[in-house]
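*Asks:* Sequence plus the predicted model coming up.
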Amino acid sequence: MPINYISEIKELTNPNVHIKDKDHVNKIIHDIVNGGVKKLQIVSDFDRTITKQHENGKKHLSSFGMFIKCPSVTKKYLEAEKYLTAKYFPLEVDPSIPSQEKRKLMEEWWSLTEEALKGMAVSEGEIEKTAAAADPSLRDGTAELFKDLNKANVPILVFSAGLGDLVVAVLKHCDVLFPNVKVISNFLKYDEQGVIQGFNGETIHVLNKNEFALKGTEYYDLIKNRDNVILMGDSTGDAGMADGVSHANAVLKIGFLYDHVNDSLPSFMDAFDIVLEDDQTMDVIRSILKHVL
Ligand SMILES: Nc1nc2c(ncn2[C@@H]2O[C@H](COP(=O)(O)O)[C@@H](O)[C@H]2O)c(=O)[nH]1
Ligand SMILES: [Mg+2]
């Protein structure tokens, strides 16, 4: 009789864990366990997935939210960022907005953000210092998780619609930027004088991650023989992050839900296999990996 992981793994029996199709989740966990470390890869969102969603009663800053703490950020950008975030963040987390309409709104937000960034001279050094000073909180157990995955040589793709320079600086500051960790995100493009020209490459926002084929990226070679994926995100748009892994076999999608729990739970349970309500830890993925690593 195959193991019933959902009843075996106590972290999956907590009342804040929501699973729509238990048989399906058991089957995926079985495939991941049977495939072992050589077949496994992790794809994770960054803001409010690797970082906490809230701590000590305060919402956690996003990578863009940390960026505005850089001393060289202009007053003009601060005003633009404040206005844009106040306008678009509530729309991002509003479950009642149809996805096509929300996608247009997110495209607007990111393109206006890119325009507002142009012309500033905020150096990488300043970004590193700001990341350290922001004292970001990764989910409890993230360092242990990344260390165990690095030891087992399991690649982790951090796929962020945030500001890649800040994402890398935070991972470095928290000593989790191990060799197995790769970041795909919006990285700043600079001219020779160190002035920001926008983002490098195509802009990633919260609702187009599913379109980023990983084929052709430097990451692809690492994962081409790894067809089992554990995916983690905090937005329904994150659930498509592994769509670019065309050869994927078993994909276990873990969603961290915090905003508008009652209204968002149905769409989260459709998008993710396991939904964790207000869980600021990596306990669930670590408890599953105990059967793999
Ligand atoms: N404070 C701000 N937050 C922003 C801005 N633009 C986007 N965002 C947030 O970033 C995350 C995306 O990052 P991910 O790692 O979760 O993909 C998204 O959820 C937005 O809330 C901004 O200008 N200011
Ligand atoms: Mg996020």
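*Replies:* Received it, and whenever you're ready, just let me know what you need. These numbers were taken from a predicted model, which means no experiment stands behind them. Numbering: from 1, shown residues only. Ligands and ions are numbered 1, 2, ... in the order given.

*Asks:* Phi first, then psi, for the residue of the stretch 101-250 of the chain found nearest ligand 2.
*Replies:* When scored by Cβ to the ion, the stretch 101-250 of the chain has D234 as its residue closest to ligand 2, at 4.3 Å. (Glycine included, C-beta is placed from N, CA and C.) Phi and psi for D234, reported as degrees, to the nearest 10, are phi -120, psi 10.

*Asks:* Does it touch D45 like I think?
*Replies:* Yes - if you go by Cβ atoms under 8 Å, D234 and D45 touch, sitting 6.0 Å apart.

*Asks:* Could I get the full set of strands for the stretch 1-150 of the chain?
*Replies:* With DSSP state E, counting those that start in this stretch, the ranges of strands along the stretch 1-150 of the chain come out as 17-19, 40-44, 54-55, 58-59.

*Asks:* Paired strands for the longest one, with orientation please.
*Replies:* Applying DSSP bridges, strand 40-44 is found paired with strand 156-163 (parallel), strand 228-233 (parallel).

*Asks:* With the last one instead?
*Replies:* Sheet pairing of strand 58-59 (DSSP bridges) gives strand 54-55 (antiparallel).

*Asks:* what's the spacing between the strand it pairs with and its chain's center?
*Replies:* 16 Å (Cα atoms, centre = their mean, to the nearest Å).

*Asks:* again, but for stretch 212-230
*Replies:* On Cα atoms, centre = their mean, the centre of stretch 212-230 falls 16 Å from the chain's centre.

*Asks:* do the same with stretch 15-24
*Replies:* Using Cα atoms, centre = their mean, the offset of stretch 15-24 from its chain centre is 21 Å.

*Asks:* Same question for stretch 188-205.
*Replies:* 21 Å.

*Asks:* So which bits of this protein are right by ligand 1?
*Replies:* 45-48, 62, 64-65, 81, 84-85, 89, 92, 109, 113, 160-162, 206, 235 (Cβ under 6 Å from any ligand atom).

*Asks:* Now, of those, which are buried?
*Replies:* With neighbours counted by 16 or more other Cβ atoms under 10 Å, these contain buried members at 45-48, 62, 64-65, 81, 84-85, 92, 109, 113, 160-162, 206, 235.
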